[in-house]
Every structure is written in structure tokens, then in C-alpha cells.
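Peer 1: here is a sequence together with a model predicted from it:
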Amino acid sequence: MAYIEPRKNKKGEIIAYRIRVNKGYDANGKKLNPYQMTFKPDPDKSDRQNAKALNETAVEFEKKCKQGYVADSKQTFRAYSEYAMRMKERAGVKHSTLVRYEAMLKDINTEIGHLRLTEIRPQTLNVFYESLEKTGVRKTAERAAVRVDFKEFLKSKKITQEELHKKSGVGMMTIRSAINGGNILLEKAQRLCDTLGVPLTKLFIKVRDKSVLSNKTIREYHRLISSILALADKEMIIPFNPAAKATPPKTKRPKVNYFEFEDIERIVKCLEKEPLKWKTLINLLIITGARRGEIMGLKWDAVDWEKSRIHIHLNLLYTSDRGIYEDTTKTEESERYITLPQETMQLLREYRKWYITTSTAYGSRWHNTGFLFFQERSGYEGMPMNPDSVNIWLRSFSKRHELGHINPHAFRHTMASLLLHGNMDIAAISKRLGHAKITTTLDIYSHIMKESDSESAETIADIVLRKQMA
């Protein structure tokens, strides 16, 4: 039942009424702050009319509270976003996705985290999106640039990369990036310097990424905000989702990056000069069109030697909080079998022999994890590789052979484009790629299909029209 409390001025005159409705107790038995509203009597109405209006207002307010239609006017976006992230995790959102969301929320909460949910309007979000388009708004981009020869400095300190990794807790990939002259996160640079016992300024220079955010990235911010506010709307905490009425910048789907057939031929030829492990790994990326993490997540029991195929059912990922870890594939449809040509199966047999010889040579140091592709550094022999190591190796591979920029996902797009140009059934291509829907394949590769359609027109003309004219 609603509780009505009169509010008086210094003269003892009633100027308003506070209407309260009990909200109940939390999980720990603590009483929650009640819902409340203020009713002000109309001076043009009689006491009896105001009393009737007060009672009607109290009854209606209590009804709305029980039905969940009263907005929680005090809860901030920051506090609710933390709850929303827990709900996403409970719903099965991938850990790597949650890590990316948390990074984005640092920027978002800096701007709108302090606002109450009920204070956020479409214009509030539009102003935020405009600010993201300006230079210097990145809040999570504080990094450090190496100012010395980091490898030589470690030698002078008589500490190996492995020892530095174990003492500082900074990942080997980050340390190698510093050795190669790349920028690393400022927080990790500080940890390295603390471990080495030197001030940050001796080894690094603070840098800040002041580049503007792309429209695509801003729309990712918008989608995250919208999903959080949509949950608040669903839970009847706010009357509507303001993000649904906001105007984020428009984006165009970028054309997929893929190699021409001649480029692939050259890459395959250059791979003949590389170690067998990397030759096999890159060959699988090219032939299968699988995602990087799917190939890195392959174990020997996923190889079907009799049917010449591999079973894609694991995804190998890396996040700063978990390190390298196994996960399921991106979607349920991503779990699939991919048939391999005999040439690739023969390469796998050769690699299998090398794998057995190598693992045996390591003896007791070998970690029998079963992964096809493994680390070889001391103390980690046989452990799964960081998926990022593929990108790093490809950069050095490309530099050695003067091939231009290569990234693992380009092989996926290349396989799809070759199959499309070969007029292979789109449903079969979609299944090989592991897309949840054929429409996803159609959407991503629409421009390639237009090119194939033009080629088809010429082919038909050659067969039907030009032969007759000849």
C-alpha cells in the first residue's frame, strides 16, 4: 500500500505530499529505497478535490510500481552497464567479446557514465558520437614507444626475454613487440621498467593515439550503448531506449581484402623456403578459408586421415586477463568438417612425422597438449601458440620475400573469391566458411558476385551469340 506523507513549510502549511511505495528487499535482506513521487495540491481546487486527486494519484502510482512501469531515476549508466555486462556473460557472450566491450565502456563511461539512465536522451548520444569523431578523444589509447634498443638493454642487464616475462607478468608477445620497436600499452611498459629497476623515461616515451575514430568504430560504440539501454527498456527501468532514436554516423561495408590468383601462387612458392611448421599452417589457412583461431585450435584428433578432412570445433584465443585459451567456435554453424585436397593431406603427413620427431627430442620438457601448432620456446615446448604470432610471422615472411602486406583473414576472403569466380554453389561456400546464414556470405561477398556475374554474361555470350556470328 502506498504511504502518503505531507510536506509542510515553516508556517506549518501543507505545500505538497510525498507518495512512497515499498520496493522490497535485496538478496542480502537489506531494505531497498522505496519508489517515491511528489504530489502538489492545485490551489484552484477545493481541499476535497485535492484529497480525491491525491488518493487517485497514489493508487495509480502504486499500480505502476508493482507492474514495473516506474523508471529507476537514480541509477547511473555506469552502474547499470556493469549489471548489463554480467547479464551478457550469463547469456553466453564470448569472453573475448566481453573484454572488447569493457575497453569500449571506459570511453563511454567517461562521457555518459555519470548520467542517470532517465537523463539520457537521443541528443545526449548524438553529441557523444560527434565528440568521438574529433581528434584526441581516445581514452584507452595511452601507449609507450621504445626509445632504446630494448634487446641490447636486456643483454646489458643480463636478463632474458623469458625471465622478464616471468618476473613482470607481461606477455611474451608484448616484450617481442618492444624489441621490434613497436608501441606497447603504457601500463605494461611501466611494469617492465619496474621489473628492470629503471624509470619509465629511460626506456620509453609516452605517446597518445590522437587519430579520429572511424565511423565503423563509432557505430560499434552505438550498438553497445543501444544493447545496454535496450535491456533497461526491457526491464522497464526506462520508458524507452533513447539509442533507438539517436543518429550514429553512416558506414559503408568495406570491400574485402583478398589476393589475386597470381599473388597466391607467389606466396605458395615462397612458403617452400620456410620451416615446415609455418608452411603447413599457412597452407591450411589458404586451402580451408578457416579463421585464424580455428586453425590454431586444431588438435591431431581433429584430422580425419581416411576421409581427408579436418574437424573445426575449437577456437584458440588470447586476452590479456586469461592469456591463451580454448573456446568453442564463433557460432554453432562454425563447427564443421572441411575436406582437404590430397596435396594438403600429404603435407600434413610430412608435418606429422616432423611433429613426432620434434616432440620426442624435447623429452620430459614436452607438454603433450595435442595441438598441431605449438610453441618451441624454453619451458613452453608443446604449448599452444598465441594466435597473434601468425600475424607477426606473416609480417616478417612478407618482408623477407617482398610480398606486401599479408594478414591471415585475407586468405579466408581469397578462398571465397576463388570459389565464387569458379561458380561454386553459394550454399557450399557458406558452409565451408562456417557462416551462420547464407545471407551473411552474400552480404560480405556481394561485390565479388557482381564481378562473377559480368564474367558469366561474357561466357554466355561466347557460347550462345558469338559462336553463331562466327
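Peer 2: Structure's in. What do you need?
Peer 1: wait, what's in contact with the nearest residue to residue 183 once chain neighbours are set aside?
Peer 2: Leaving aside its chain neighbours, residue 183 sits nearest to residue 143 (4.4 Å; criterion: Cβ to Cβ, 6 or more residues apart in numbering). (C-beta placed from N, C-alpha, C; glycine too.) Contacts for residue 143 (Cβ atoms under 8 Å, 6 or more residues apart in numbering) come out as 183, 184, 185, 186, 189, 206, 207, 208, 209.
Peer 1: hmm, the fifth one is touching residue 204, no?
Peer 2: Yes. Using Cβ atoms under 8 Å, residue 189 makes contact with residue 204 at a distance of 4.7 Å.
Peer 1: ok so, going back, biggest separation within the contacts of residue 143, which pair?
Peer 2: 189 and 209 (14.5 Å; Cβ to Cβ).
Peer 1: point to the residue nearest the middle of this protein.
Peer 2: residue 97 (4.1 Å; Cα atoms, centre = their mean).
Peer 1: pLDDT weak spots in this structure?
Peer 2: Along the chain, segments meeting pLDDT under 70 span 27, 68-73, 135-141, 209-211, 447-470.
Peer 1: so in it, which strand runs the longest?
Peer 2: The strand spanning the most residues in the chain, taking DSSP state E as the definition, is strand 14-21.
Peer 1: buried set for that one?
Peer 2: Within strand 14-21, the residues scored as buried using 16 or more other Cβ atoms under 10 Å are 17, 19, 20, 21.
Peer 1: I'd guessed the last one sits against residue 60; true?
Peer 2: It refers to residue 21. No. At 11.0 Å, residue 21 does not count as touching residue 60 under the criterion of Cβ under 8 Å.
Peer 1: measure residue 144 to residue 41 for me?
Peer 2: Distance from residue 144 to residue 41, counting by Cβ to Cβ, to the nearest Å: 64 Å.
Peer 1: likewise residue 276?
Peer 2: Between residue 276 and residue 41 the computed distance is 87 Å (Cβ to Cβ).
Peer 1: thinking again about what came up before, okay if I get the contacts of residue 143 as CSV plus neighbour count, distance to residue 161 and secondary structure?
Peer 2: Below are the contacts of residue 143 laid out as CSV (neighbours: other Cβ atoms under 10 Å; distance: Cβ to Cβ, whole Å; DSSP: H, G, I helix; E, B strand; the rest coil):
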residue, neighbour count, distance to residue 161, secondary structure
183, 17, 18, coil
184, 21, 14, strand
185, 17, 17, strand
186, 18, 20, helix
189, 24, 15, helix
206, 12, 23, strand
207, 13, 23, strand
208, 12, 27, strand
209, 12, 26, coil
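Peer 1: from these, which is closest to residue 354?
Peer 2: residue 184 (33.6 Å).
Peer 1: before we move on, the earlier item: which one's more surrounded, residue 144 and residue 41?
Peer 2: Higher neighbour count among residue 144 and residue 41: residue 144, with 23 against 18, using other Cβ atoms under 10 Å.
Peer 1: name the element the more buried one belongs to?
Peer 2: Here residue 144 sits within strand 142-146, counting by DSSP states H and E.
Peer 1: so how far is the helix or strand hosting residue 98 off the chain centroid?
Peer 2: Counting by DSSP H and E, the element that carries residue 98 is helix 95-112. Between the centre of helix 95-112 and the centre of its chain there are 10 Å (Cα atoms, centre = their mean, to the nearest Å).
Peer 1: just want the angle from the following helix or strand past it to helix 95-112.
Peer 2: Downstream of helix 95-112, the next assigned helix or strand under DSSP H and E is helix 122-132. Here the directions of helix 122-132 and helix 95-112 differ by 100 degrees (axes from the mean of the first three to the mean of the last three Cα atoms, to 10 degrees).
Peer 1: sorry, back to before: would you format the buried residues of strand 14-21 as JSON lines with distance to residue 164 included?
Peer 2: Below are those laid out as JSON lines (distance: Cβ to Cβ, whole Å):
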{"residue": "17", "distance to residue 164": "68"}
{"residue": "19", "distance to residue 164": "64"}
{"residue": "20", "distance to residue 164": "60"}
{"residue": "21", "distance to residue 164": "60"}
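Peer 1: specify which member of those residues is nearest to residue 381.
Peer 2: Distance to residue 381 across these (Cβ to Cβ) is lowest for residue 21, with 65.1 Å.
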